[in-house]
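> Any chance you can model this:
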Amino acid sequence: MTERLSDKIDALLLPLVRKPSQYLGGEVNQIIKSPNQVDVTVALAFPDTYAIGMSHLGFAILYDALNRLPHVAAERVYCPWIDAADIMRTEKIPLFSWESRRPLHEFDIVGITLQHELSYSNLLYLLDLAGIAFYAARRQEDEPLIIGGGPLADCCEPVADFFDLVILGDGEEALPAVIDAFRQLRKTKCTRRELLLELGQRFNFVYVPQFYHCEYNSDGTLVNCVPNETGLPTCIRRTMVDDLDSAVFPTAPIIPYTDTVHDRIAIEIMRGCPQRCAFCISGHTKGKVRCRSVENILDIAWQSYLATGHDTVSLLSLSSSDYPELSRLLQQLYQKFQDKHVGISLPSLRVDKQLHEVPAQITNVRREGLTVAVETASDRIRRAIGKHVADSDLIATMEQAYRAGWRKVKLYFMIGFPGETENDILDIVNLTQQISNLRREVPGSPAEINATVSFLVPKPHTPFAWIPQQTEDYFQNAKNLILDARRQFRGKSLKFKFHNLQRSLLEAVFSRGDRRLSCPLETAYRNGARFDSWDECFSYGLYLDAFKQHNLDPAFYSQRERPADESFPWDHLAGDNKKQLHQRLQQIIKVPGGSENK
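Numbering: from 1, shown residues only. Modelled structure (predicted):
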């Protein structure tokens, strides 16, 4: 069967699609095991294109972790682009794995990562192309177990009905444990339902949605979501890897045949974030801060370099500048790669006094662009949301960067915070202009500043879970203010890029949504919604029509202020710190100039 399918792919699919290299498989460092020589086969599915999925470190970690197990064969699956999907449907080619070209529906388990809300339609896209039933309750005994995980696992209610089970928290130890239990339970000849119930009872980080019942008030708010079977936890816990040095990490990542978003060695240097900014769900859900040792990072970097030949090492974390031994790490990396022309990339930087030294520390290594998340030009709002960035530190860092030879800087801003004023919005342009002109003092021409501005989406498990998202008119006015102010400055050194506004509005709906959104999501998908994070595919109207068809008001989820005691759709998903989060919200809105004083 697999050989016939492979021939069909070669003859009928690859010659007719854009970038056929993204569907080939067979890349350097891929892992292939015979399904006949293992007990469990797992398809790790990424709900976006090959170029995106191949650049995702978490996906690579799980691939490596599972394939280290002698009884498991893990293979990769990505979303085919629309041209490929059309051919696959016409030629009756089911969605297949990249390693062996085995149909997805023949695997024992399909693991799908939930990266962001705009990938939800692609979850259905994957299942549809694979010929697997959308709803867990409707799947047959011989269909794969559909497991979810990733950043949105602990607020997954809008898509909960599509999963047999969801793992909350770090996956590199939890997923192998669940697979091992699956392997043992299957030997007992238990039914699918019995197997799922046992997994839900055995692991406090496993959520089996079909065993939880949600009840709603007459006004549409949630009463609760509680287990309907004995032995299941009322609140699922996140699992956490305690020691990153001993955790599985790939040192021979797969080398793609075609361009990907990030073609480099990616190393997670720290997990968790000490800042816990009020708007950031990752900072509130990733657990305590855990650091990988300098020695371990150096070893991973060197082994990965030997296995790939990549010329850039990217040091990843929620805030890389908070890594406590950053200075020593950069010095050691320079010494290790000084004659290899290997660049060091530091994304997700937080501006503080430690960061002042970073540009000078890596002047002798090929420089990558300097990227800094400023969030807002207002010191008042920064203090309120927990973004401990001072303009003085930002200016000092930029000055050091320019003196070290940097010419380009990327800044991230966000608009829509509680208590925000028009002056706060206009100051974004003033600050970027100041940073650009600072390079004249080096001396030199103004620095090229690429400023990306996003629209605040209030997230679960954060203090902003209670607040309404700003309206479309508010965001459009703020965007116009920035663009008008930009036009007043001469020169071409400032460039502003804005997130898609309607996409941000839709993200806010699904961000704090409940299970009732699964039906309009399915309707929108069947009417053509997919690849919603791609401009050429996204259609806001498909979702508005779907919400209307199912008598759901999207503003109920996105633009409604919630009372302190409202039950949230994620309360049973590690949502046990609501009191502290709400107390912090009260502190935010009471700051001078905040929403109570606006």
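
> okay, CA-based contacts and neighbour counts for the rest of this
Will do.

> what about this protein, any weak spots by pLDDT?
Along the chain, segments meeting pLDDT under 70 span 1, 347-369, 491, 591-598.

> Just give me the residue right at the centre of it.
Geometric centre of the chain, nearest residue: residue 115, 3.7 Å, by Cα atoms, centre = their mean.

> Next, count neighbours for the residue nearest to that residue when sequence neighbours are not counted.
The shortest distance from residue 115 to any non-neighbouring residue, by Cα to Cα, 6 or more residues apart in numbering, is to residue 151 (5.6 Å). Residue 151: 18 surrounding residues under other Cα atoms under 10 Å.

> likewise the one 5 residues further on?
Taking other Cα under 10 Å as the neighbour definition, residue 156 ends up with a count of 29.

> can you map out the helices along the stretch 1-150 of the chain?
Taking DSSP state H, counting those that start in this stretch, the helices of the stretch 1-150 of the chain run over residues 2-8, 50-53, 57-67, 82-90, 120-130.

> Residue 202 is nearest to which of these?
Closest to residue 202 of the helices of the stretch 1-150 of the chain, according to Cα to Cα: helix 57-67, at 20.3 Å.

> from the chain's centre, how far out does that closest one sit?
15 Å (Cα atoms, centre = their mean, to the nearest Å).

> what packs against it?
strand 40-46, strand 72-78, helix 171-186 (3 or more Cα pairs under 8 Å, 6 or more residues apart in numbering; DSSP states H and E).

> Give me the contact list for the very next helix or strand once past the last one.
Counting by DSSP states H and E, the element after helix 171-186 in chain order, helix or strand, is helix 192-202. By Cα atoms under 8 Å, 6 or more residues apart in numbering, the surrounding residues in contact with helix 192-202 are 141, 164-165, 178, 181-182, 185-186, 206-208, 211, 231-233.

> For the stretch 451-598 of the chain, just list every one of the helices.
Taking DSSP H, counting those that start in this stretch as the criterion, the stretch 451-598 of the chain contains helices spanning 472-487, 501-511, 518-526, 540-549, 554-558, 578-589.

> re earlier: for the helices and strands packed on helix 57-67, which one ends up most surrounded?
Ranked by mean neighbour count under mean count of other Cα atoms under 10 Å, these are led by strand 72-78, which reaches a mean of 26.

> contact partners of it?
31-35, 38-50, 53, 63, 66-67, 96-100.

> Would you write a PyMOL line that selects the buried entries of the residues you listed?
Only the buried members of the contacts of strand 72-78 enter the following PyMOL selection, criterion being 16 or more other Cα atoms under 10 Å:
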select buried, resi 31+33+35+40+41+42+43+44+45+46+47+48+49+50+53+63+66+67+96+97+98+99+100
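
> show me the contacts for residue 437.
445-447.

> any chance of those in CSV, with distance to residue 400 and secondary structure too?
Shown next, in CSV, are these (distance: Cα to Cα, whole Å; DSSP: H, G, I helix; E, B strand; the rest coil):
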residue, distance to residue 400, secondary structure
445, 15, coil
446, 15, coil
447, 13, coil
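
> which of those residues are buried?
Buried members of these, scored by 16+ other Cα under 10 Å, are 446-447.

> Who's the closest spatial neighbour of residue 460, skipping the chain neighbours?
residue 512 (6.1 Å).

> any idea how far that neighbour is from residue 555?
Using Cα to Cα, to the nearest Å, we find residue 512 at a distance of 11 Å from residue 555.

> higher neighbour count, those two?
residue 512 (25 against 15).

> Quick check, that one in contact with residue 462.
No. Applying Cα atoms under 8 Å as the test, residue 512 and residue 462 come out as separate, 11.1 Å apart.

> Now do stretch 148-156: distance from first to last residue.
First residue to last in stretch 148-156 (Cα to Cα) measures 9 Å.

> Name the residues that touch that stretch?
111-117, 163, 165-171, 282, 460, 511-512, 569-570, 573-574.

> could you redo the last one with a cut-off of 6 Å?
Contact with stretch 148-156 is made by 111-115, 166-168, 570, 573, as judged by Cα atoms under 6 Å, 6 or more residues apart in numbering.

> Which two among those residues are spaced furthest apart?
111 and 570 (21.1 Å).

> Can you give the distance from the helix or strand containing residue 400 to the centre of its chain?
Counting by DSSP H and E, the element that carries residue 400 is helix 391-403. The chain centre lies 29 Å from the centre of helix 391-403; the measure is Cα atoms, centre = their mean.

> can you give me the offset of the helix or strand that it is followed by from its chain's centre?
Sequence order places strand 408-415 as the next helix or strand after helix 391-403, per DSSP H and E. Taking Cα atoms, centre = their mean, one finds the center of strand 408-415 at 19 Å from the center of the full chain.

> For strand 408-415, which helices and strands make contact with it?
strand 370-375, strand 448-455 (3 or more Cα pairs under 6 Å, 6 or more residues apart in numbering; DSSP states H and E).

> can you give me the angle it makes with helix 472-487?
150 degrees (axes from the mean of the first three to the mean of the last three Cα atoms, to 10 degrees).

> What strands line up against strand 408-415, and which way round?
Applying DSSP bridges to the sheet, strand 408-415 is found paired with strand 370-375 (parallel), strand 448-455 (parallel).

> so residue 289 sits right up against residue 272, yeah?
Yes. Counting by Cα atoms under 6 Å, residue 289 touches residue 272, with 4.4 Å between them.

> If you count surrounding residues, which of the two has more?
Neighbour totals were compared for residue 289 and residue 272, and residue 272 leads with 19 against 14 (other Cα under 10 Å).
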